[in-house]
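J.: Build me a model from this:
(chains A and B)
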There are 2 protein chains.
Amino acid sequence: MDSMKAYIEKNRDRFFEELFSLLRIPSISSQDSSRPDMMRCAERLTELLKEAGADSAGIYPTDGHPVVFGEKIVDPALPTVLVYGHYDVQPVDPVELWKSDPFEPEIRDGAIYARGANDDKGQLFMHIKAFEYLVRENRLKHNVKFIFEGEEEIGSPSLASWASMHRDMLAADIILVSDTTMLSETVPSINCGMRGLSYSEITVTGPDKDLHSGHYGGAIANPINILCDMISSLIDKDGKITVRGFYDDVVELSEEDRAKLARAPFDEEEYRKFLNIDEVKGEAGYSTLERTGIRPCLDVNGIWGGYTGEGAKTVIPSSAHAKISMRLVPNQDHEKIAELFEKHIKAIAPSCVKVDVRHHHGGNGFLIPISSPAYQAASRAMTDVYGIEPVPSRGGGSIPILADLQKILGIDPLLMGFGLERDTIHSPNESYLLKQFFAGMESIALFYEYYKGNK
Amino acid sequence: MDSMKAYIEKNRDRFFEELFSLLRIPSISSQDSSRPDMMRCAERLTELLKEAGADSAGIYPTDGHPVVFGEKIVDPALPTVLVYGHYDVQPVDPVELWKSDPFEPEIRDGAIYARGANDDKGQLFMHIKAFEYLVRENRLKHNVKFIFEGEEEIGSPSLASWASMHRDMLAADIILVSDTTMLSETVPSINCGMRGLSYSEITVTGPDKDLHSGHYGGAIANPINILCDMISSLIDKDGKITVRGFYDDVVELSEEDRAKLARAPFDEEEYRKFLNIDEVKGEAGYSTLERTGIRPCLDVNGIWGGYTGEGAKTVIPSSAHAKISMRLVPNQDHEKIAELFEKHIKAIAPSCVKVDVRHHHGGNGFLIPISSPAYQAASRAMTDVYGIEPVPSRGGGSIPILADLQKILGIDPLLMGFGLERDTIHSPNESYLLKQFFAGMESIALFYEYYKGNK
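T.: The predicted model follows:
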């Protein structure tokens, strides 16, 4: 009987071919024009699930992009693992910064380069292959269900209601997810909590037409200047968010918990070097890992208004826009925060302009206990593969749908992520280190070895 | 002998045809791709000048877009009028807001609609036709020179040095310009002063790549947030610009001068209605006309950074950008202001980001005495045509090159502008009211009647 390692060695080229067939499909969920590609990608996933050994796999329509569901039921009495992943990807702009076509995967310097190489096509693919190995080698002692959605990057607007309608079909003991990062290549870690998200868009409108800044400059409110004033007021000098009531539900961690988290190795100099910045910056009184792990934050994700082309144009634009998101910590409710945000923005809007707030999406954060059997099984598996016990970490990113699924299905999510900071997901030249890709498959196969259910 | 009015009546259709041939050429000076169109437009202008009666007309290369110069010397002893205009136009975005193709002129509701219909092809065309009338009717008692540049909308980077090299050729008694507005259709006015301009671009750079806002949000400086902070700090609560030293050279007007300017009729309610705003806004202690006429100001003309497409993307961008211009009043030096601005921006830039300042262009403001023969001739001419004595006004816009030409050639510029607020130059649906178009031609023809030189 082969080990997963040996199985990878034998099937390596086929694995690449199969993964690349997914990566070549530009499944950008935020663009309406991607609909046919979303469907192609969903179809390709059902093929891969069936080839890997699923009893059945199908495409389920939603109000948005379809959900892929597949399963293999070995014995209803055995523990059931529900694997979650997403096949949609982020947009690729600025596309001119990519060294190779984002949708023509390339292996160079020991990594796969493509949009989705890591997030999340590369990571979900590890689960299909670990499953295939267990099936073909007759080692599968679990029921396995796969749920792959096509809307994670736009906040999973359809999956929660779909999951509510398919509760029985999705029944399981644990939700297993690879859609996050480890602390570093040599410091494996398991995410035991993630931040939530609230994402909105502000539009500031002044005059009902663009105006010549020479004729009107100085006499009327410029929507861009006003937008900047408003944004600037949202964070104070200590890095605290000024939205009224924003921190009301934030639970302060105990000194003990903070000390535990502080054990995670972190080299600020290396961090700064990787980002090419001179200084880190954030909420006063917290470390960098705390700022991204246990504290909420507010970022402008996009801003535009007026003339943005080549050269100069002396215009006062009619309107200016910003996309603003807040990362939330467990116990903050994203719907409440969205409401507080809108109320605050309306309250600080000066009367010389009109201000409109539109909510894009949101989701709550969550936490999984380190003492749980699933966490322990993942920890043993990764210790075997990496030779080091993984550090429990708190992830900065959000997978809002996991908090929803946890609520709807009553199952904890476990985040075994194998991405690294260097992978620059969401940015140009997204990549996935082959070493991590294969170590991930091994860890997942071993997880099934150690996980005996929640009792 | 026909009056100009009768001449217009007879030649109306040909005038439209000729003007439209200019308007159809998309001579957008800020776009490199427009070079062939700039040349076509310059060629068409030389044709029109020759057909109108110029002894000669030619295209003069510069480091940028070419200059068109033409002249008719009747007698060196007669006073000489130098007509200035520009054949370049502003970009047309957002193009989807145009009701008709910006480069396919259309007459509707008594106005010509096209990019450049007013600014400045429509207005310079009046001068060619008034000249044609005087030549053909044997009424020309001046030498007339025409200088049309192709870089006004990008700050005339080439004309000043070109003019320095052609001082003798450009020698004249007055620079006559139609490139501004009147106070209203029923309140003719003559601009006796204009603001200067300093136009720069700021780039704020944080990390050297776009980052996932979940992983990094809260721990590093977001270039958009920083840019907003910096912009917000540039204007204080009283509407004063905070750039250190900015007001040093601004001359405060006497109460008497302010009272004179205050005689210009101004209906704030109508102004607000036209712009569809609830409130005007500007520097405390000054009226709206003062804010655009005699006070400097600062406006963001464009801002961009991060994800600006459809939907949501959770990104912290590597950089954010803003185009910022300041309108200056006479006695402020645009080069000094550009320096002060850059110094200030560098001084307030936080150490967690890199900040770069690039200067686009600039120019100084200027003033012409109301008592001058040229102003008086223009005033008589417009009184004849409109039946009302024009109000001396101070224009908000900038034609920085006029201050330069004044310095280089030692000649005062006189601004007889026939645009109206409703023409929305620089914006979608730029237009030029036919009534103004024809009244402008008549006023110009009469100006030559009354102007006998500067003695």
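
J.: roughly how far apart are the most far-flung residue of chain A relative to its centre and chain B?
T.: Centroid-distance maximum for chain A: A:H215 at 47.0 Å, with CA atoms, centre = their mean. A:H215 sits 5 Å away from chain B, taking CB to the nearest CB, to the nearest Å as the criterion. (Each C-beta comes from the backbone N, C-alpha and C, glycine too.)

J.: State the distance from that residue to B:G417.
T.: Relative to B:G417, A:H215 is positioned 11 Å away (CB to CB, to the nearest Å).

J.: same thing with A:G453?
T.: 83 Å.

J.: so where do the strands sit in the stretch 351-455 of chain A?
T.: Per DSSP state E, counting those that start in this stretch, the stretch 351-455 of chain A carries strands over the ranges A:354-363, A:366-367, A:391-395, A:413-415, A:431-433.

J.: Could you break chain A into its assigned domains?
T.: A:4-194+A:366-450, A:197-250+A:296-363 (automatic domain parsing).

J.: Assign a three-state SS to A:K343, would you?
T.: helix (DSSP: H, G, I helix; E, B strand; the rest coil).

J.: Neighbours of the spatially closest residue to A:P350 that is not a sequence neighbour, how many?
T.: Excluding its sequence neighbours, the residue lying closest to A:P350 (CB to CB, 6 or more residues apart in numbering or on different chains) is A:I226, at 6.3 Å. As a burial measure, A:I226 scores 22 neighbours (other CB atoms under 10 Å in any protein chain shown).

J.: Which positions in the stretch 51-200 of chain A make contact with chain B?
T.: Residues of the stretch 51-200 of chain A lying near chain B by CB under 8 Å from any CB of the partner chain: A:Q90, A:P91, A:D93, A:P94, A:E153, A:I154, A:G155, A:T181, A:R195, A:L197, A:Y199.

J.: Show the buried residues in these.
T.: With burial judged by 16 or more other CB atoms under 10 Å in any protein chain shown, the buried subset of these is A:Q90, A:P91, A:D93, A:E153, A:I154, A:G155, A:T181, A:R195, A:L197, A:Y199.

J.: for the second one, what are its contacts?
T.: Spelled out, that is A:P91. Neighbouring residues of A:P91 by CB atoms under 8 Å, 6 or more residues apart in numbering or on different chains: A:I28, A:S30, A:Q31, B:Y307, B:G309, B:K313.

J.: Just the element for it, please.
T.: Using DSSP states H and E, A:P91 sits in no helix or strand.

J.: Need the phi and psi values for it.
T.: phi -60, psi 170 (degrees, to the nearest 10).

J.: How many residues are close by A:L48?
T.: 24.

J.: Quick check: which element contains the residue farthest from the centre of chain A?
T.: Element membership for A:H215 (DSSP H and E) is helix A:213-216.

J.: so how far is that helix off the chain centroid?
T.: In terms of CA atoms, centre = their mean, to the nearest Å, the centre of helix A:213-216 is set 45 Å apart from its chain centre.

J.: now swap in stretch A:238-249 and tell me
T.: 24 Å.

J.: where along the stretch 1-150 of chain A do the strands fall?
T.: Under DSSP E, counting those that start in this stretch, the stretch 1-150 of chain A gives strands at A:56-60, A:67-72, A:80-86, A:106-108, A:111-113, A:143-149.

J.: Include mean pLDDT and mean neighbour count when you put these into a markdown table, please.
T.: Shown next, in a markdown table, are these (pLDDT from 0 to 100; neighbours: other CB atoms under 10 Å in any protein chain shown):
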| stretch | mean pLDDT | mean neighbour count |
| --- | --- | --- |
| strand A:56-60 | 96 | 16 |
| strand A:67-72 | 98 | 23 |
| strand A:80-86 | 98 | 24 |
| strand A:106-108 | 97 | 13 |
| strand A:111-113 | 98 | 23 |
| strand A:143-149 | 98 | 26 |
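
J.: Could you work out which of those strands reaches nearest to A:P296?
T.: The minimum distance between A:P296 and those falls on strand A:80-86, with 23.7 Å, by CB to CB.

J.: Give me the contact list for the closest one.
T.: Residues contacting strand A:80-86 (CB under 8 Å, 6+ apart): A:120, A:123-124, A:127, A:131, A:142-153, A:170-179, A:401-402, A:405, A:409, A:411, A:413, A:448, A:451.

J.: And the domains of chain A: which comes nearest B:E421?
T.: Closest approach to B:E421 among the domains of chain A is made by domain A:197-250+A:296-363 (7.4 Å; CB to CB).

J.: That closest one: how far from the chain's middle?
T.: For domain A:197-250+A:296-363, the distance to the chain centre is 24 Å (CA atoms, centre = their mean).

J.: For it, measure first residue to last.
T.: 5 Å (CA to CA, to the nearest Å).

J.: number of nearby residues for A:S351?
T.: 10.

J.: Equivalent analysis for A:V204, please.
T.: A count of nearby residues for A:V204, using other CB under 10 Å, gives 29.

J.: what does the one 4 residues further on give?
T.: As a burial measure, the neighbour count of A:D208 was computed by other CB under 10 Å and equals 13.

J.: wait, doesn't the residue farthest from the centre of chain A sit right on B:L420?
T.: No: taking contacts as CB atoms under 8 Å, A:H215 lies outside contact range of B:L420: 10.8 Å.

J.: Show the low-confidence segments of the stretch 251-400 of chain A, by residue range.
T.: A:396-398 (pLDDT under 70).

J.: cutoff 90 now
T.: Scanning the stretch 251-400 of chain A for pLDDT under 90 picks out A:251-267, A:289, A:293-294, A:310-314, A:330-331, A:361-372, A:389, A:391-400.

J.: From the structure, what's the count of residues near the residue of the stretch 1-150 of chain A found nearest chain B?
T.: Nearest to chain B, among the residues of the stretch 1-150 of chain A, is A:S30, at 3.4 Å (CB to the nearest CB). Neighbour count for A:S30, taken as other CB under 10 Å: 20.

J.: Then the one 3 residues further on?
T.: The tally of other residues near A:S33 (other CB under 10 Å) stands at 9.

J.: Phi and psi next, for the closest residue to the residue of the stretch 1-150 of chain A closest to chain B other than its chain neighbours.
T.: In this structure, A:S30 finds its nearest non-sequential neighbour in B:G311, 3.4 Å apart by CB to CB, 6+ apart. Main-chain dihedrals, B:G311, degrees, to the nearest 10: phi 70, psi -150.

J.: residues in contact with B:G311?
T.: Residues counted as contacts of B:G311 (CB under 8 Å, 6+ apart) are A:S30, A:Q31, A:I154, A:H360.

J.: Chain A: helices as residue ranges?
T.: A:4-23, A:35-52, A:121-136, A:159-165, A:213-216, A:223-232, A:255-261, A:268-275, A:288-293, A:334-348, A:373-386, A:400-409, A:434-450 (DSSP state H).

J.: circling back to that earlier point, closest to chain B out of the strands of the stretch 351-455 of chain A?
T.: When the strands of the stretch 351-455 of chain A are ranked by proximity to chain B (CB to the nearest CB), strand A:354-363 comes first, at 4.1 Å.

J.: The closest one pairs with which strands?
T.: Here strand A:354-363 is paired, per DSSP bridges, with strand A:196-205 (antiparallel).

J.: Nice, that's everything, thank you.
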